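>>> turn this into a structure:
(one chain, ligands or ions: 2)
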Amino acid sequence: MRTQVGIVGAGPAGLLLSHLLALRGIESVLIEIRSREYCEARQRAGVLEDGSVRLLRAAGLADRLNRQGIEHGGIYLQFAGERHHIDFRELTGGRTVTVYAQTEVVKDIIARRLADAGPEAIKFEVTGTEVADLDTQQPKLRYTSKDGTRHEVTCDAIAGCDGFHGISRPAIPPAVQAVTERDYPYAWLGILADVPPSTDELIYAHHPRGFALHSLRGPTISRLYLQVGSDEDIRDWPDQRIWDELSERFALPGWELKQGPVLDKSITPMRSFVSSPMRYGRLFLAGDAAHIVPPTGAKGLNLALADVAYLAPALADLARGQPELADQYSGTCLSRVWRSTHFSWWMTTMLHRTPGADDMERQLQLSQLRYVVSSQAAATSLAENYTGYPPLPATILTL
Ligand code: RFL
Ligand code: PHB
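Numbers count the residues shown, from 1 in each chain. Ligands and ions are numbered 1, 2, ... in the order given. I've put the predicted structure just below:
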């Protein structure tokens, strides 16, 4: 079998790439190890940058996003018993973010790909994925489909969009790959709860007992996170213990955290990770396959979408024998990736309590938080990064 682009992984990166390529008349084969149901239910990110929203609109994928996405013009930072509003609109000349769950982005693109290209547009539940001949002009993608048939697809290029635990990145020889990595000594326990949000905008809370975040998924569904130890067992966290801990960390006189049934709960490790370059021969990495940020900056999904916004035109040009954009791909993306890596590290270390840390950490964090809420320059820096920096250029948004 032959195709122009082989895509490994049907997360946000792989799905959007296959759609953006199709809009440019480029054919692809997209394979995914999990079932459609699993991909559509995996609870993850919730915040789309301004540029991500514009990208999804330009790609014709925003019907439901336009109706159900909730535009947010700021966030709250809570510390030392006070809650402060950071007004993105005012600080950035009108830029905002949109709360719309990654599960919904994934559902929207899957539905569109299947409608446009038929049931074979995404091959779910494959096994034995391999990539080979990456340093030739004809790289190979191999997999076994759900019915047990082994396939080999000869491609012009392969996009490794298979997340942090995928097979694409490990296929790059270690000698030509630089990995920069940091693990944080804490994790996030996240819950999805069947209860209306207790806030109109996200609350990022610094507390002596650790960080907490109040997010949402809609008018009746809340999403909340708690900093916990990195070796914590979810079985030690019955629902009422989670609510009690959240209530304590968000406590403010006259304000109450509404509680309700917990629909989903999980623990996520916190890590920063960058693998460079994001290309080896005819293999291009995108999204979590190449980089991971801790979720405190709400950047992971946005980086994945931005990567493929650059990769689609690069691969379309490459297919026509023009390699310039493909040659620029890794450098262009890594510059944004490092900005987000810094911002995510900064938010994380400003807001979390390091186990065993002395009072110096706490005082430095509180000083930084007071600076952010009192200085227009500091608040603008947070707002500019949170809403997305650098903004995606108009050329990338023109399809
Ligand atoms: P994904 O979503 O991991 O998709 C990779 C896909 O590849 C498949 N796969 C394979 N397929 C075929 N063969 C193989 N050998 C394969 N191996 C793997 C996988 O099954 C999967 O379907 O990567 P992608 O597309 O790069 O997308 C990245 C995002 O998912 C991720 O960065 C975000 O979820 C991170 N993130 C957040 N990002 C934001 O921008 N804003 C947020 O508010 C935000 N909050 C979060 C987050 C991530 C979290 N967790 C759970 C890690 C909150 C949390 C709690
Ligand atoms: C979420 O809604 O899941 C979410 C929001 C903001 C973050 C991380 C996750 O920083």
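>>> could you use CA atoms for every contact and neighbour count after this?
Noted.
>>> part of a strand, is residue 179?
Yes: the assignment for residue 179 by DSSP: H, G, I helix; E, B strand; the rest coil puts it in a strand.
>>> now do the same contact list for it.
Neighbouring residues of residue 179 by CA atoms under 8 Å, 6 or more residues apart in numbering: 273, 274, 275, 276.
>>> list buried residues within these.
273, 274, 275, 276 (16 or more other CA atoms under 10 Å).
>>> report the separation between residue 335 and residue 341.
According to CA to CA, to the nearest Å, residue 335 stands 10 Å off from residue 341.
>>> who's more crowded, these two?
Counted by other CA atoms under 10 Å, residue 335 and residue 341 do not tie: residue 341 has more neighbours, with 22 against 12.
>>> so the more buried one is in which element?
Here residue 341 sits within helix 324-351, counting by DSSP states H and E.
>>> for the record, mean pLDDT for that helix?
Mean per-residue pLDDT for helix 324-351: 98.
>>> could you identify the helix or strand that succeeds it?
Heading C-terminal from helix 324-351, the first helix or strand you meet, by DSSP H and E, is helix 359-374.
>>> next structured bit after that following helix?
Under the assignment DSSP H and E, the closest C-terminal helix or strand after helix 359-374 is helix 376-387.
>>> please identify the buried residues of the helix or strand just after that following helix?
Sequence-wise, the next helix or strand downstream of helix 376-387 (DSSP H and E) is helix 394-397. Of all the residues in helix 394-397, those buried under the rule 16+ other CA under 10 Å are residue 397.
>>> chain center to the helix or strand of the chain with the lowest mean pLDDT, what's the gap?
Of all helical and strand segments in the chain, the minimum by mean pLDDT, DSSP states H and E falls on helix 394-397, at a mean of 88. In terms of CA atoms, centre = their mean, to the nearest Å, the centre of helix 394-397 is found 20 Å from the chain centre.
>>> now do that helix: which elements does it pack against?
Using 3 or more CA pairs under 8 Å, 6 or more residues apart in numbering; DSSP states H and E as the contact definition, the elements that helix 394-397 packs against are helix 50-58, helix 300-319.
>>> so which of those helices comes closest to ligand 1?
Closest to ligand 1 of the helices and strands packed on helix 394-397 is helix 300-319 (CA to the nearest ligand atom; 3.2 Å).
>>> how about that closest one, does it get close to ligand 1?
Yes: residues of helix 300-319 contacting ligand 1 under CA under 6 Å from any ligand atom: 300, 301, 302, 304.
>>> which one of the residues you listed is nearest residue 383?
Minimum separation from residue 383 among the residues of helix 300-319 next to ligand 1 (CA to CA) is found for residue 302, which lies at 15.3 Å.
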